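[1] Sharing a sequence plus its predicted fold:
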Amino acid sequence: MTEALPDRPTVTSPPLLARRWTIDDIPDQTGRTAVVTGANSGLGLRTAEALAAKGAHVLLACRNELKAATALEQVSAAATGTEPEVLPLDLADLASIRRAADHLDVRGTPIDILVNNAGVMALPRHQRTADGFDAQFGTNHLGHYALTGLLLPQLLRAPEARVVTVSSIAAWGGLINWLDPNWRVVYSRWLAYSQSKLANLLFTAELQRRARAAGSTLTAVAAHPGLSATNLYDSGPEKGVAAAFAAIQQRMLFSLGQSDAKGALPQLYAATMPGLAGNSYCGPAFEAFGYPRRTLRNPLAYSRFQARKLWELSAELTGVDYRWA
Ligand SMILES: NC(=O)c1ccc[n+]([C@@H]2O[C@H](COP(=O)([O-])OP(=O)(O)OC[C@H]3O[C@@H](n4cnc5c(N)ncnc54)[C@H](OP(=O)(O)O)[C@@H]3O)[C@@H](O)[C@H]2O)c1
């Protein structure tokens, strides 16, 4: 029997030139708990600030203690509800992900919003995570797959949990390299990034399907920020010509891209807009810039076959199985 699933959500998007959706439109989040990965910089920091300003209890899931402490001060200054906290988390290390999840499990607090935001982009040389995965596939996709699965008990405790996974325009050029998803044979920094961002969309679709099949109210959605001025081009150690090229890219991003606050709007919209259909994809109205709306995606992201295959591969590589009851 065919599942009646919102693979291609049918809820209509606001018209292109509809009233602008801004952080003022975020409903009150008092009493809700939100975990934001990569909350010490760029879009994650702006997301954490906005959610805390609307009353949510925000956990800043960050890998660097010092950067996290500075971000915590900023988010605390914006907070109107429960004081935000830091949750130590390195997505490039399954042991760290398990520690973070165990920490929250002990508390037993429901998690209403999980924003899978952290990411690295186009690392110049092939790097591996602590578990030997390609650093981009490992951090951007596998780390978030494992984190979401390990946090599932707390997500299921919330009445209507929402999992937002941050993809990219780069997903349009994405293909899953099934023969070598960890890029052990030939490494291409941009193909590896695009693969990880397509994986974010396939993950969202499959998570939504599985939530629905389990009779859960959890909603999985995705978002992308267009082109936004953040530290994303800074994520790898570069030397010589590569360093100069990265610096130019960073400067271009800062001059062409919209602000990080505006770039964070699609993921905030995805995290807080009431009634958003499962597997919705939110992005700027003009793809690279603009106010948020529901947006288009690489057609490959609708492949149920690839989504299921990626899920099975992710479960095998990370050892994380999702338990829906
Ligand atoms: N900016 C854009 O134009 C753009 C476009 C498309 C998609 N995106 C996506 O937006 C998301 C946020 O990126 P951003 O633009 O805000 O860049 P950013 O300023 O570089 O922020 C990335 C965040 O991810 C964190 N991170 C990286 N590796 C991590 C790991 N192993 N464990 C935990 N945290 C880790 C970083 O921590 P550290 O500070 O410790 O490195 C940082 O907090 C990413 O998923 C990116 O792919 C951005």
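    Looks like it arrived, so ask away. Residues are numbered from 1 along each chain as shown.

[2] Identify the residues contacting residue 204.
    When contacts are counted by C-beta atoms under 8 Å, 6 or more residues apart in numbering, residue 204 is found next to 163, 165, 167, 220, 221, 222, 279, 281. For every residue, glycine as well, the C-beta is placed using N, CA and C.

[3] per-residue pLDDT, it?
    As predicted, residue 204 sits at a pLDDT of 98.

[4] One more: residue 252?
    We have a pLDDT of 69 for residue 252.

[5] Check residue 134 too.
    98.

[6] same question, the one 5 residues further on
    You'll see residue 139 listed with a pLDDT of 98.

[7] again with residue 325
    On pLDDT, residue 325 comes in at 86.

[8] again, but for residue 19
    On pLDDT, residue 19 comes in at 71.

[9] Could you number the chain from 382 rather than 1 from now on?
    Done: numbering now begins at 382, and the last item shifts to residue 400.

[10] what separates it from the ligand, distance-wise?
    In this view, residue 400 and the ligand are 24 Å apart by C-beta to the nearest ligand atom, to the nearest Å.

[11] Please identify the residue of the stretch 582-706 of the chain positioned nearest to the ligand.
    residue 611 (3.2 Å; C-beta to the nearest ligand atom).

[12] Pretty sure that residue sits against residue 428.
    No: assessed by C-beta atoms under 8 Å, residue 611 is found out of contact with residue 428, at 11.6 Å.

[13] Which one's more surrounded, those two?
    A count of neighbours by other C-beta atoms under 10 Å puts residue 428 above the other of residue 611 and residue 428, at 34 against 25.

[14] OK, contacts around that one?
    When contacts are taken as C-beta under 8 Å, 6+ apart, residue 428 is in contact with 417, 420, 496, 498, 645, 648, 649, 652.

[15] how much space between it and the ligand?
    9 Å.

[16] next helix or strand past the one helix or strand that residue maps to?
    Take DSSP states H and E as the rule and residue 428 turns out to sit in helix 423-434. Sequence order places strand 438-443 as the next helix or strand after helix 423-434, per DSSP H and E.

[17] Show me how far the helix or strand just after that next one is from its chain's centre.
    As assigned by DSSP H and E, the chain's next helix or strand after strand 438-443 is helix 446-459. Distance of helix 446-459 from the chain centroid (C-alpha atoms, centre = their mean, to the nearest Å) equals 20 Å.

[18] Mind listing what's buried along helix 446-459?
    Neighbour-count burial for helix 446-459 flags 448, 449, 452, 453, 455, 456, 459 (criterion: 16 or more other C-beta atoms under 10 Å).

[19] Would you format those residues as a markdown table with distance to residue 570 included?
    Converted to a markdown table, the buried residues of helix 446-459 look like this (distance: C-beta to C-beta, whole Å):
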| residue | distance to residue 570 |
| --- | --- |
| 448 | 24 |
| 449 | 27 |
| 452 | 27 |
| 453 | 32 |
| 455 | 31 |
| 456 | 31 |
| 459 | 35 |
